[in-house]
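Show me how the following folds:
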Amino acid sequence: MKKHNNISNNASNNNISNNASNNNISQTCRFCPTTSNVELTYEYIPLCENCSRGIPRCLNCGRIIMFAYNRIEDRYGNWLCLECALDYRRCPICGRFIHSRLVVFDGEEFVCPECLVPTEDLKEEEEEEKYIHRYSYKPNPRYYGDFQKDLLFGVELEVDNGGENSRRAKELLRIFNGNEEEKFVYIKHDGSLHSGLEIVSHPATLDYHINVIPWRKAFEYLKSNGYESDNVGTCGLHVHINRLFLGKTYRSIVNTEARILLFFETFWQQLVKLSRRTEYQLSRWCARYETTDYELALEYNQESRYFALNFQNRATIEFRIFKGTLEFDVFEATLRLVDNIVRYCKKYGRETIKSRGWYGFVNFIIERGAKENEVLIKYMAKQGV
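All right, here's what the predicted structure looks like:
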């Protein structure tokens, strides 16, 4: 498989010098009394050089972009403001931004020139793709449960540092699927990983994930071959749930989604502890909306999927907040946490969720079954929530 490095974008207008037309304007910084070296952000907020440190700048025009909903990020930490984003694409293979005039069509999709596979390498690429698909690969889903009545979980687990190795991927698929091709999972390339794989499951009930799909055995194989997920910053555990479970009508589905958003915003600090991520990782890959206004959150989400809750998909909601893991108890606890959040927000209204507080949710978990949720309860206690 061809490797891709974090190559700086070579567009001719790359890194314009801090939007010179806005530099040194005679205004006072919004956050301190400084008047020297003040420039306007994308949102026309004046900031001095010191206060602007650490705030992302647009890769193309160089402007400071204060708010997450006004910027999008590629897999290498490059940012674009919403205006400049109109002239760029994300390469589906390596995940970096590439100017529209520089993309190349490889016969299937538009990619950056560095990811265009030479003709002589196509046979080797096709052989590897039997086991490791392109990032854009989306087969027809197999449902292990009723998509309209059951709560189903589609898992995306990233593992790194063990190699993007077709031989190991083949063995991993055998462990998961036996002799039936892509029975439970398939494997994809992920440009955000250094040397790893993305494992994607078909939608299945919680019981199927815990008791039928051989995640535990697969985790042992991955760890024995040098793969990591818990101890590296590149890996996430993303959980999709089916929207149709949330209600019988469109309005009831939307209302439940709005309550899930309210739950995340109200109990963000507890969820941060349960996510196992650092604040920096959260800001890059799964930011907080910082609003309980569902419609406003959807507007932010239209421009970027890098939020803790991603509503962009037509049929699913994606919980992106969790760090990856190869510990089966942590994996089970994470799925059970999502299961309880969804069922809690489906059952209770906004005011009840707020008035019951976090311990009202904890009591809900216990009432549903202390033995059934024992792994989750122990995990929550360990994380201090």
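
In the stretch 101-250 of the chain, what residue spans correspond to strands?
Using DSSP state E, counting those that start in this stretch, the strands assigned to the stretch 101-250 of the chain run over residues 104-105, 110-111, 152-159, 185-188, 197-201, 204-205, 236-242.

Now mean neighbour count and distance to residue 42 too, for those, in JSON lines please.
Yep, even glycine has a C-beta here, placed from its N, CA and C like the rest. Compiled in JSON lines, these are given as follows (neighbours: other Cβ atoms under 10 Å; distance: least, Cβ to Cβ, whole Å):
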{"stretch": "strand 104-105", "mean neighbour count": "12", "distance to residue 42": "30"}
{"stretch": "strand 110-111", "mean neighbour count": "18", "distance to residue 42": "27"}
{"stretch": "strand 152-159", "mean neighbour count": "24", "distance to residue 42": "31"}
{"stretch": "strand 185-188", "mean neighbour count": "22", "distance to residue 42": "33"}
{"stretch": "strand 197-201", "mean neighbour count": "24", "distance to residue 42": "32"}
{"stretch": "strand 204-205", "mean neighbour count": "20", "distance to residue 42": "42"}
{"stretch": "strand 236-242", "mean neighbour count": "23", "distance to residue 42": "27"}
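
Quick check: buried residues in the helix or strand containing residue 302?
Element membership for residue 302, per DSSP states H and E: helix 294-303. For helix 294-303, the buried set under the neighbour-count rule, 16 or more other Cβ atoms under 10 Å, comprises 294, 297-298, 300-301, 303.

ok so, going back, now the strands of the stretch 101-250 of the chain in JSON lines, with distance to residue 372 and mean pLDDT?
Output for the strands of the stretch 101-250 of the chain, formatted as JSON lines (distance: least, Cβ to Cβ, whole Å; pLDDT from 0 to 100):
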{"stretch": "strand 104-105", "distance to residue 372": "51", "mean pLDDT": "86"}
{"stretch": "strand 110-111", "distance to residue 372": "46", "mean pLDDT": "84"}
{"stretch": "strand 152-159", "distance to residue 372": "16", "mean pLDDT": "98"}
{"stretch": "strand 185-188", "distance to residue 372": "25", "mean pLDDT": "96"}
{"stretch": "strand 197-201", "distance to residue 372": "21", "mean pLDDT": "97"}
{"stretch": "strand 204-205", "distance to residue 372": "14", "mean pLDDT": "98"}
{"stretch": "strand 236-242", "distance to residue 372": "18", "mean pLDDT": "97"}
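
Using CSV, lay out the ones you listed together with distance to residue 54.
Putting these into CSV (distance: least, Cβ to Cβ, whole Å) gives the following:
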stretch, distance to residue 54
strand 104-105, 35
strand 110-111, 32
strand 152-159, 26
strand 185-188, 32
strand 197-201, 29
strand 204-205, 41
strand 236-242, 23
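
Figure out which of the ones you listed is closest to residue 369.
For these, distance to residue 369 was read as Cβ to Cβ. The smallest value, 15.5 Å, belongs to strand 204-205.

by contact count, what packs against the closest one?
When contacts are defined as 3 or more Cβ pairs under 8 Å, 6 or more residues apart in numbering; DSSP states H and E, strand 204-205 sits against strand 152-159.

partners of the strand it packs on, with directions?
The sheet places strand 152-159 alongside strand 197-201 (antiparallel), strand 204-205 (antiparallel), strand 236-242 (antiparallel), with pairing taken from DSSP bridges.

which residues sit against the last one?
Translated: strand 236-242. Counting by Cβ atoms under 8 Å, 6 or more residues apart in numbering, the neighbours of strand 236-242 from elsewhere in the structure are 147, 151-158, 203, 229, 285-286, 313, 315-320, 322-325, 331, 334-335, 338, 342.

Contacts only, for residue 300.
Taking Cβ under 8 Å, 6+ apart, one finds 68-69, 289, 291, 307 in contact with residue 300.

ok, then the element right after the helix holding residue 302?
Reading on from helix 294-303 to the C-terminus, the next helix or strand found by DSSP H and E is strand 309-310.

and the helix or strand containing residue 353, which residues are buried?
Secondary structure here is read from DSSP H and E; on that basis residue 353 sits in helix 350-369. If you call a residue buried by 16+ other Cβ under 10 Å, then helix 350-369 has these buried ones: 353, 361-362, 364-365.

that older thread, figure out how far the helix holding residue 302 is from the centre of its chain.
16 Å (Cα atoms, centre = their mean, to the nearest Å).

mean confidence for it?
Helix 294-303 shows a mean pLDDT of 93.

and what of stretch 321-340?
Taken as a whole, stretch 321-340 has an average pLDDT of 98.
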